[in-house]
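Enquirer: Next one to model:
(chains A and B)
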2 protein chains.
Amino acid sequence: MKFTHLAALMLAALTTATALAQAKPEDQIKYRQSAMVVGARSVAALNAMAKGDVPFNPEQAQAHANVLANLTRVDAALAAYGPGTDKGAPTKAAPKIWSEPAQFKAAFDRFATASQALPAAAGSVATLKGALADLGKTCKGCHDDYRQR
Amino acid sequence: MKFTHLAALMLAALTTATALAQAKPEDQIKYRQSAMVVGARSVAALNAMAKGDVPFNPEQAQAHANVLANLTRVDAALAAYGPGTDKGAPTKAAPKIWSEPAQFKAAFDRFATASQALPAAAGSVATLKGALADLGKTCKGCHDDYRQR
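Expert: Sure, this is the predicted structure:
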């Protein structure tokens, strides 16, 4: 039974990976660039509230925090940087993503962890500020290393 | 006091609207197109699970459902179709969006409502199927009326 369960899990993981990998490189590139545009808008909206440029709106803060938390939670996010997606459309993604995938995954995971801390922090400006500062470091860290100018 | 509260709310709404409206038309068009790409991927992932093309994964179903629910919850979504965003970059958005804004908003609200029903329905294939069918109608309804071919 245990073996069957493990086999089923492995099959499930493979099937999901296969389905995700079916997307063409240009579609993966489009997806990851779109997720960046969407995520950047949410970061900007949260930053504007944290800085007081716009009044703090708890519902909107929660919604933007949830966008970021869940965009990094879907398997599609990291899969969009999978093997073969280094070309196929114009991209600023650096070759290091594919030459050092473990380090890239670690950087992505830091970004995901910081994103997923946002919803719990979005209830007040004070907690939001701290969470955004943490998030900002993970954005910069990844962009410095893995985005070409 | 009541007047002060109302005035503060109005000021907050105006300030938020102003901040959102500051985005250039081309950036609003890019944002809404990116949100569509991201949302479409999440719909596809949920559909694949609902149809059994890939095994049902409750965590991934929840994450994709939350992406859709929150992308329609942020003010940025409808603001991206605001006045003046009918041009500025290539777009398939139909002129009717700006000539009948109340009807467009009603169609958007139907899409938002169906999207926001997904998280509660994402716990099982059976409930997910129903919620996706409801969502699909609101996608089609809006695309039929407000997307040019």
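Enquirer: any bit of stretch A:101-119 sitting next to chain B?
Expert: No - using C-beta under 8 Å from any C-beta of the partner chain, stretch A:101-119 stays clear of chain B, coming no nearer than 9.6 Å. Heads up, the C-betas are built off the backbone N, CA and C, glycines and all.
Enquirer: what's that stretch in contact with?
Expert: Here stretch A:101-119 makes contact (C-beta atoms under 8 Å, 6 or more residues apart in numbering or on different chains) with A:39, A:46, A:62, A:64-66, A:68-69, A:71-73, A:77-78, A:81, A:96-97, A:128, A:131-132, A:134-135, A:137-139, A:141-142, A:145-146.
Enquirer: and with 7 Å instead?
Expert: Stretch A:101-119 is contacted from outside by A:62, A:65-66, A:68-69, A:72-73, A:78, A:81, A:97, A:131, A:134-135, A:138-139, A:141-142, A:145-146, using C-beta atoms under 7 Å, 6 or more residues apart in numbering or on different chains.
Enquirer: Put the buried members of those into a PyMOL selection.
Expert: The buried residues among those can be selected in PyMOL (16 or more other C-beta atoms under 10 Å in any protein chain shown) with this line:
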select buried, chain A and resi 62+65+66+68+69+72+73+78+81+97+131+134+135+138+139+142+146
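Enquirer: and the contacts of stretch A:101-119 near chain B, which?
Expert: When the contacts of stretch A:101-119 are checked against chain B using C-beta under 7 Å from any C-beta of the partner chain, the ones in range are A:66, A:73.
Enquirer: So which of the contacts of stretch A:101-119 are in helices?
Expert: When DSSP state H defines the helices, the subset of the contacts of stretch A:101-119 inside them is A:62, A:65-66, A:68-69, A:78, A:97, A:131, A:134-135, A:138-139, A:141-142, A:145-146.
Enquirer: Chain A: strands as residue ranges?
Expert: Applying DSSP state E to chain A gives no strands.
Enquirer: Which positions in it make contact with chain B?
Expert: A:12, A:15-16, A:19, A:30-31, A:34-35, A:37-38, A:41-42, A:45, A:48, A:53-55, A:57, A:60, A:63-64, A:66-67, A:70-71, A:73-76.
Enquirer: Now, of the residues you listed, which are buried?
Expert: Neighbour-count burial (16+ other C-beta under 10 Å) is assigned, among the residues of chain A next to chain B, to A:16, A:19, A:30-31, A:34-35, A:37-38, A:41-42, A:45, A:48, A:54-55, A:57, A:60, A:63-64, A:66-67, A:70-71, A:73-76.
Enquirer: circling back to that earlier point, quick one: which of the ones in helices among the contacts of stretch A:101-119 is nearest to chain B?
Expert: Minimum distance to chain B across the ones in helices among the contacts of stretch A:101-119 is 4.0 Å, recorded for residue A:66 (C-beta to the nearest C-beta).
Enquirer: In contact with the closest one, which residues?
Expert: A:119, B:66, B:70.
Enquirer: for the last one, what are its contacts?
Expert: For residue B:70, the residues meeting the contact criterion (C-beta under 7 Å, 6+ apart) are A:63, A:66-67, A:70.
Enquirer: Including distance to residue B:90, could those go into JSON lines?
Expert: JSON lines is the format used below for the contacts of residue B:70 (distance: C-beta to C-beta, whole Å):
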{"residue": "A:63", "distance to residue B:90": "28"}
{"residue": "A:66", "distance to residue B:90": "30"}
{"residue": "A:67", "distance to residue B:90": "25"}
{"residue": "A:70", "distance to residue B:90": "29"}
